Every structure is written in structure tokens, then in C-alpha cells.
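>>> Sequence first, predicted coordinates after that:
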Amino acid sequence: MAVHVSALLIPYLTEATSKSIVVTALITVTALYLVSEALRVKGERLPLITEFTLRMSREDERTHFIAVPVYLAAGVILSLLLFPKSIAYASITIVAAGDPVASYFGQRFGRTRIGRKTLEGFAAGLIVSFAGALLWVYPNLALVGSAAGMLLELLGISDDNLSMPIGAGLAMVIASFL
């Protein structure tokens, strides 16, 4: 969850510096993470990064390569590169806020199952991602993007950290032309 929430800083860091600096930093950090995970799976450690990864992971993830941060980084990077600034920022916010909130509420309060997910988690994620997207785009685009992103999350796609921001961004781009 902390890794997702940290992605909320990306729009602000991009505004404070530049898109190229943030994309370069994300690629660098992701490359270091990939090396760290490859070493960890082989039983070796990369100081600081391996310890951070283990603290942020669930117990059931620790026996194999943990890919979630890579998909999230790819979704953030692609959003920054593919979409206009406001849509990119809204897309990042949708995955960074909506996905962990949906997971939390689904696990804690979920009763109505839709596959492996819950309607309650979906609703909570939709509300939070919509509110967050409003920081960057008009309400109609925030609603379209949040709905698209959270529907992708509800479908249970294993790489939703990549599909959510890209799907949300594409939906907002298409809606902005209508």
C-alpha cells in the first residue's frame, strides 16, 4: 500500500522538476529494484533495497519475484509519456489512491463478491479515485477515468497496476474528444 501511495507524489515531483527528470529517476529506481529482486530470489541481498522490499511485501509474496512495483512504475512512466499532463496526473492518482483503497475496503468490509473482488471495494476505490482525479481534471473526465480504472481493477487483471492508469488515461483521452 505504501508503494502505491508514494506514487501520489509523482505529479508534484514532476511539477517541481520536470517530466524527463522524474521519468529518468523512475527508470533508474525500477532498474535497481529489478536487480535487487533478481539477487533476492537467488538468496543474495542488495543493501537497503532488499530490506525495503521485504518490509513492503506480503508474507505470501516473499518466496518469488515481487513484480507489483515494476508494473506500477511502468504504469506511471507510460502515463507520463503517453498522456497530456492533467490526464497523466489523474491516471496516476487513480491507481495510486483507488487500488489500495479498493483492496483495503474489499478485504475489510467486502460482502458482495464479483470474482475475487468485492463490490464494496470497487465502490470505495471509485469514490476515492474520483476525488483524487478531481485535483487534475474536470469532473466528467474524473468520473470516466475513475470508472475505467476501477472496472479494470474489479476484473482482477493480475497486472492492474499497469492496466489501471493506462486504461483510465485512454478513457479520459477518448472522453475529452466527445
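Yep, it's here.
>>> ok so Ile157 is a helix residue?
No - looking at Ile157 with DSSP: H, G, I helix; E, B strand; the rest coil, it is coil, so not inside a helix.
>>> Start the count at 809 instead of 1 going forward.
Fine by me, first position is 809 from now on; the one you just mentioned is Ile965.
>>> Next up, the contacts around it.
Ser971 (CB atoms under 8 Å, 6 or more residues apart in numbering). From N, CA and C alone the C-beta is placed, and that goes for glycine too.
>>> Quick check: it vs Arg916, distance?
22 Å (CB to CB, to the nearest Å).
>>> One more: Thr825?
From Thr825 to Arg916 the distance is 37 Å (CB to CB).
>>> Let me see the contact set for the nearest residue to Phe891 once chain neighbours are set aside.
Excluding its sequence neighbours, the residue lying closest to Phe891 (CB to CB, 6 or more residues apart in numbering) is Gly977, at 4.4 Å. Neighbouring residues of Gly977 by CB under 8 Å, 6+ apart: Ser887, Leu890, Phe891, Ile895, Ala896, Ala898, Ser899, Gly953.
>>> just Leu927 next, same as before
Gly918, Thr920, Arg921.
>>> Which of the residues you listed are buried, as a ChimeraX select command?
Applying 16 or more other CB atoms under 10 Å to the contacts of Leu927, the buried members can be selected in ChimeraX as follows:
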select :918
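>>> So which of the contacts of Leu927 is the closest to Val876?
Nearest to Val876 out of those is Gly918 (CB to CB; 20.1 Å).
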